[in-house]
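S.K.: Need a 3D model of the sequence below.
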Amino acid sequence: MRHGRAKASRRTLQFYRLNAPHLKSPYKILLDGTFLVASIRNKVPLWDRFSKTLQHEQFVCYVTRSTLNELELLSQQSAKSKQAGDSEESFFDQARQYGLDECEIIENCNEVANTNEKLMNKRAFRDFSEASRDIFCLATDGGNNRLAYFVATQDDGLSDALRTMPYVPLFRLGRAVLLLESPSSASRQFTGSLEQNKLKSAGGLMTSEERKIVDKVNKRD
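M.R.: Purely as a prediction, here's the structure:
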């Protein structure tokens with residue numbers, strides 16, 4: 001099973017190297033709160049697992065300020081709740097501390113959020129937390145993840161939304177096992193459309209005038 005996961009990860013990274021060259025080493029991994037809490041709860045050595053999955057290429061972990069604030073709020077709520085145990089509160093605290101100690105902190109996402117405002121309204125992600133909205137905007141900037149983030153999350157809603165956008169690699173945890181998802185259908189379809197456009201323009205060597213002539217001949221046929 002371990003060998004199979006490693007082989008699948010290699011294929012996934014190769015896909016992005018060939019089709020999305022902006023996703024390159026040093027890789028940028030954007031962690032959300034659900035992923036951080038799950039890694040603490042399952043005692044996952046993230047740095048080691050990321051390194052192995054990324055074939056020991058260089059990488060940097062990132063966390064948004066809104067994610068850190070969200071974890072702090074959850075810790076405070078757990079402390080006030082009579083139903084929550086000390087361990088749950090500790091998970092939130094440890095997850096936040098990991099973000100502070102081991103990750104580069106993205107302080108402000110407003111500029112990117114503004115560029116994706118139409119997309120957010122169209123998809124009606126009103127149920128997203130501020131942290132999830134920030135992560136979505138960062139990972140879909142430009143429509144094809146031009147900021148080149150890998151996203152690590154356990155949030156099904158966020159994951160489903162990111163899978164509809166091309167070239168957003170996703171990490172998730174299956175208990176204590178780190179998994180790099182295969183490229184989404186959106187990524188494969190986007191790649192396919194690019195390949196078709198290349199073929200239509202003879203690999204980019206055909207001029208616009210030549211393209212018009214070919215189109216006229218195709219219409220006659």
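
S.K.: so how far is Gly143 from Thr64?
M.R.: Look at Thr64 and Gly143: by C-beta to C-beta, to the nearest Å, they are 20 Å apart. Where C-beta positions appear, they are placed from N, C-alpha and C, glycine not excepted.

S.K.: Same drill for the two, tell me which one is more crowded.
M.R.: Each of Thr64 and Gly143 had its neighbours counted (other C-beta atoms under 10 Å), and the higher figure belongs to Thr64 (27 against 13).

S.K.: which residues does the more buried one bridge with?
M.R.: Taking DSSP bridges as the rule, Thr64 bridges to Ile106.

S.K.: wouldn't it be in contact with Ser132 here?
M.R.: No - look at Thr64 against Ser132 with C-beta atoms under 8 Å: they stay out of range, at 9.8 Å.

S.K.: Going along the chain, name the strands of the protein.
M.R.: 27-31, 59-64, 104-106, 149-152, 170-174, 177-180 (DSSP state E).

S.K.: Pull out the buried positions in the fifth one.
M.R.: Of the residues in strand 170-174, those buried by neighbour count under the rule 16 or more other C-beta atoms under 10 Å are Leu170, Phe171, Arg172, Leu173.

S.K.: Worst mean pLDDT across the helices and strands of this protein, which element?
M.R.: Among the helical and strand segments of the chain, the one scoring lowest on mean pLDDT, DSSP states H and E is helix 208-220, with a mean of 55.

S.K.: For beta bridges, what are the partners of the most centrally placed residue in the chain?
M.R.: The central residue of the chain, meaning the one whose C-alpha is nearest the mean C-alpha position (C-alpha atoms, centre = their mean), is Val151 at 2.7 Å. Using DSSP bridges, the beta-bridge partners of Val151 come out as Leu30, Leu170.

S.K.: Report the contact partners of it.
M.R.: Residues near Val151 by C-beta atoms under 8 Å, 6 or more residues apart in numbering: Ile29, Leu30, Asp32, Ile135, Ala139, Leu158, Leu162, Val168, Pro169, Leu170, Phe171.

S.K.: Repeat that for Pro166.
M.R.: Contact analysis of Pro166 by C-beta under 8 Å, 6+ apart lists Ala20, Gly143, Asn144, Asn145, Ser184, Ala186, Ser187, Gln189, Phe190, Thr191.

S.K.: so how far is Tyr27 from the first one?
M.R.: Ala20 sits 12 Å away from Tyr27, going by C-beta to C-beta.

S.K.: Which residues are in contact with each of the two?
M.R.: The contact sets of Ala20 and Tyr27 overlap at Ala148 (C-beta under 8 Å, 6+ apart).

S.K.: which residues sit against stretch 130-141?
M.R.: Among residues not part of stretch 130-141, those counted as contacts by C-beta under 8 Å, 6+ apart are 30, 32-33, 64, 66-67, 69-70, 106, 109, 112-113, 115-116, 119-120, 125, 128, 145, 147, 149, 151, 153, 155, 157-158, 161-162, 165, 168.

S.K.: residues of that stretch that come out buried?
M.R.: Of the residues in stretch 130-141, those scored as buried under the neighbour-count criterion (16+ other C-beta under 10 Å) are Ala131, Ser132, Arg133, Asp134, Ile135, Phe136, Cys137, Leu138, Ala139, Thr140, Asp141.

S.K.: Find out how far that stretch is from the centre of the chain, if you would.
M.R.: With C-alpha atoms, centre = their mean, to the nearest Å as the basis, stretch 130-141 stands 9 Å off its chain's centre.
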